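Asker: after the sequence you'll find the predicted model.
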Amino acid sequence: MKVLTINGSERARGSTWTAARQVLQHARERGCETEGVDLADKRIVRCECGRCNSRPEPCPVDDDVAAIVEAMIEADAVVLAAPVHGFGPASLMQTFIERAGVGHLRFARPLTNKIGAAVVVGRRYGHLEVHAQLLHNLLLNRFIVVGSGFPAILHSGGERGVLSDAEGMDALRRTVDRIVDIGTALAASGTALPVPGEIERRLGRTG
């Protein structure tokens, strides 16, 4: 299976980058193919058209959002990683979530039945609120959301940054294990889950 991380920090090589790389490293140790996307290295434009919810076609803005969405579609599991900024997710991650959601994902919900998880990094406060927001976004896009029991939240203090947070790193690794174990079990079961759009067809509507 393929695991994709999306690092939503404006600092491309900061604490959240380190946490995302730990996700990828552990996934590789479990035999997965991996890919990491750092939004700080991409062109993510804030939409100003005001027609996102009424436009009947995907967003025409020429930036990297569409390509990142394609990477999410190609992956089997997606881990959203974001730092806490001002008691909320970093603005770059928030912009990406909004642009990807109303600009591309709301039409056919192509991420249905992908496995999803969230990792949040911060100094002291706001971790759980940001973690909940990321989980709500995963649920909105019909991911199968997994976790370790405890949320993968990491404190960035200490001599080695997030690597000093032994409990948080354990939750991160356990989350990756859950991703791989559930993905492997689903693949082995041969059970056909509902495809994108099937729920809408059952209800006689689209969107």
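Answerer: Received it, and whenever you're ready, just let me know what you need.

Asker: neighbours of His127, how many?
Answerer: By the criterion of other Cβ atoms under 10 Å, His127 has 21 neighbours. Quick note: C-beta positions are derived from backbone N, CA and C, even for glycine.

Asker: you'd agree it is up against Val120?
Answerer: Yes: if you go by Cβ atoms under 8 Å, His127 and Val120 touch, sitting 5.0 Å apart.

Asker: for the two, list the residues in contact with both.
Answerer: Residues within reach of His127 and of Val120 at once, by Cβ atoms under 8 Å, 6 or more residues apart in numbering, are Val84, Pro151, Ile153.

Asker: quick one, strands of this structure?
Answerer: Ranges of strands in the chain, per DSSP state E, are 2-7, 33-38, 77-85, 88-89, 115-122, 144-145, 152-155.

Asker: quick one, what contacts the most centrally placed residue in the chain?
Answerer: The centroid of the chain falls nearest to Leu80 when counting by Cα atoms, centre = their mean (2.6 Å). By Cβ under 8 Å, 6+ apart, the contact set of Leu80 is Ile6, Gly8, Met93, Gly116, Ala117, Ala118, Val119, Leu134, Asn137, Leu138.

Asker: residues making contact with stretch 144-155?
Answerer: 15, 19, 113-124, 127-128, 131, 135, 138-139, 162, 165, 167-175, 177-179, 182, 186.

Asker: pull up the distance across it, start to finish.
Answerer: Using Cα to Cα, to the nearest Å, one end of stretch 144-155 lies 26 Å from the other.

Asker: understood, closing this out.
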